[in-house]
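A.B. asks: what would the 3D arrangement of this be:
(one chain, ligands or ions: 1)
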Amino acid sequence: MRYALGSIYELTDDKLVFAKQLGAKDIIVHSPVLPGKFPLGENYYEFRRLLMLRTRVEAAGLKLEAIENIPRDWYLKVMLGLPGRDEQIENFCETLRNMGKAGIPILGYHFCPAGVWRTCRDTPWRGGARVTSFDYELVKDAPLTEHGVVTEEEMWDNFTYFIKRVVPVAEEAGVKMGLHPDDPPVRSLAGIARIMRSPEAFRRVIEIVPSDYNGLEFCQGTFSEMGIDVIKAIEYFGSRKKIFYVHFRNVLGKPEKFNETFIDDGQTDMLQAVLAYKRVGFEGCLIDDHVPMGVDDSRWGHRGRAYAGGYIRALIKAANALG
Ligand SMILES: [Mn+2]
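C.D. replies: Got it, this is the predicted structure:
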């Protein structure tokens, strides 16, 4: 188990240096914009660009543990079950094959067409730091999207169609697919059902196609938002080797109303969480995810990420000493 720097939306030299300064050995890059020009219409990650991404990270003395998310447009038809989804699934598979050839072992992804929703990004928290929050009351009448109402049953059909086709390719490529929960984990937003919102849903996910390559990008923050026992969820999925990496952040509240917090003042006991990862023999990375915005922080949140990163490193050290 180790700390890695995540939330890298744009891989810059600054991020590589910062990761090393925080003591990370690994990084996770988010929907990377890869060097070189995209040929018109390309909608998968091309092998040589992935390889250049990996070698750039390694040239800085770090390891590229995962890519988190591909652009949503690349598989929106898949998520919504629209005509053209088979072509998008083939492109998704091409990304998996190319990642395997380029030696990038994990793809984090989600199955949530409407994406992450918050209702405020300026909620005052400890000492006036700004955090994000969600209040379902404010969005319960949000207008439908152009896709109209998409039911839970339709979303499960779409997911099942997708996962049965891609996991065999992921296995062959040697790339693990880690699924992120729908954040916020409420039943539906803007008419689109959000199915990945409970531990039961993830049990179903891993049972549809049992495979060492079909697992979770365990967003502990979102699992905590679900209002469930986070430690039990770590034990359930961790003991089955289904946690590929972790978004290690804290929140306060329930699915319909919550705010993000500092890593040390939310509702989850983060030491108990790290001890649970240790107990189940988790060997992957814990990354920061969203972090509060404090005094004089950069837009990306260098200070907030440094605080979270140091805290995570200390917890890992403590867990290794105690466990
Ligand atoms: Mn997350």
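A.B. asks: please name the nearest non-neighbouring residue to I243.
C.D. replies: Spatial nearest neighbour of I243, chain neighbours left out: F218 (4.6 Å); criterion: C-beta to C-beta, 6 or more residues apart in numbering. In this view, the C-beta of every residue, glycine as well, is placed from N, C-alpha and C.
A.B. asks: quick one: the helix or strand where that neighbour lies near the ion?
C.D. replies: Counting by DSSP states H and E, the element that carries F218 is strand 214-219. Yes: applying C-beta under 5 Å from the ion, one finds strand 214-219 in contact with the ion at C219.
A.B. asks: quick one: average pLDDT of that strand?
C.D. replies: Averaging pLDDT along strand 214-219 yields 98.
A.B. asks: who touches it?
C.D. replies: The contact list for strand 214-219 (C-beta atoms under 8 Å, 6 or more residues apart in numbering) reads 68, 108-110, 163, 167, 170, 176-181, 183, 202, 205-206, 208, 233-234, 237, 241-247, 249, 289.
A.B. asks: can you do 6 Å?
C.D. replies: 108, 167, 177-181, 237, 242-244, 246-247 (C-beta atoms under 6 Å, 6 or more residues apart in numbering).
A.B. asks: so which of the residues you listed are also by the ion?
C.D. replies: Subset of the contacts of strand 214-219 in contact with the ion: H247, counting by C-beta under 5 Å from the ion.
A.B. asks: hang on, Y109 in a helix?
C.D. replies: No: assigned with DSSP: H, G, I helix; E, B strand; the rest coil, Y109 falls outside any helix and is strand.
A.B. asks: and for it, the neighbour number?
C.D. replies: Y109 has 19 neighbours, counted by other C-beta atoms under 10 Å.
A.B. asks: so how far is the ion from it?
C.D. replies: As for Y109, its distance to the ion is 12 Å (criterion: C-beta to the ion, to the nearest Å).
A.B. asks: for M99, same thing?
C.D. replies: To the ion, M99 is 20 Å away according to C-beta to the ion.
A.B. asks: quick one: that residue from E172, how far?
C.D. replies: Taking C-beta to C-beta, to the nearest Å as the measure, M99 falls 12 Å from E172.
A.B. asks: neighbour count: these two, which is higher?
C.D. replies: Shown here are M99 and E172; by other C-beta under 10 Å, M99 has more neighbours (28 against 13).
A.B. asks: state the pLDDT value of that one.
C.D. replies: pLDDT recorded at M99 is 97.
A.B. asks: dihedrals phi and psi, G128?
C.D. replies: For G128, the backbone dihedrals (degrees, to the nearest 10) come out as phi 90, psi 10.
A.B. asks: report pLDDT for it.
C.D. replies: On the pLDDT scale, G128 is placed at 96.
A.B. asks: over to F111?
C.D. replies: At F111, the model reports a pLDDT of 98.
A.B. asks: now the closest residue in space to D157 that isn't next to it in sequence: how far from the ion?
C.D. replies: Spatially, and ignoring its direct neighbours in sequence, D157 is nearest to G81 (6.6 Å; C-beta to C-beta, 6+ apart). According to C-beta to the ion, G81 stands 25 Å off from the ion.
A.B. asks: what sits against I28?
C.D. replies: Neighbouring residues of I28 by C-beta under 6 Å, 6+ apart: A4, G6, E65, A66, E68, I287.
A.B. asks: returning to what we had before: wait, the residue nearest to D157 sits on N158?
C.D. replies: Yes: judged on C-beta atoms under 6 Å, G81 makes contact with N158 at a distance of 4.1 Å.
A.B. asks: please say which of these two ends up with more neighbours.
C.D. replies: Taking other C-beta under 10 Å, G81 and N158 do not tie; N158 has more neighbours (21 against 16).
A.B. asks: separation between the residue nearest to A190 when sequence neighbours are not counted and the ion?
C.D. replies: Once flanking residues are discounted, A190 sits nearest to A142: 4.7 Å by C-beta to C-beta, 6+ apart. To the ion, A142 is 21 Å away according to C-beta to the ion.
A.B. asks: residues of this protein that sit close to the ion?
C.D. replies: C219, H247, D289.
A.B. asks: need those residues in a markdown table (columns: distance to T55 and neighbour count).
C.D. replies: Formatted as a markdown table, the residues of the chain next to the ion follow (distance: C-beta to C-beta, whole Å; neighbours: other C-beta atoms under 10 Å):
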| residue | distance to T55 | neighbour count |
| --- | --- | --- |
| C219 | 29 | 27 |
| H247 | 26 | 24 |
| D289 | 27 | 22 |
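A.B. asks: returning to what we had before: need the max-distance pair from the contacts of strand 214-219.
C.D. replies: For those, the maximum inter-member distance is 22.0 Å, found between V167 and H247 (C-beta to C-beta).
A.B. asks: show me where the stretch 151-300 of the chain has its helices.
C.D. replies: 152-173, 199-208, 220-225, 230-239, 270-279 (DSSP state H, counting those that start in this stretch).
A.B. asks: in stretch 159-177, what counts as buried?
C.D. replies: Neighbour counts over stretch 159-177 (16 or more other C-beta atoms under 10 Å) mark 159, 162-163, 165-167, 169-171, 173, 175-177 as buried.
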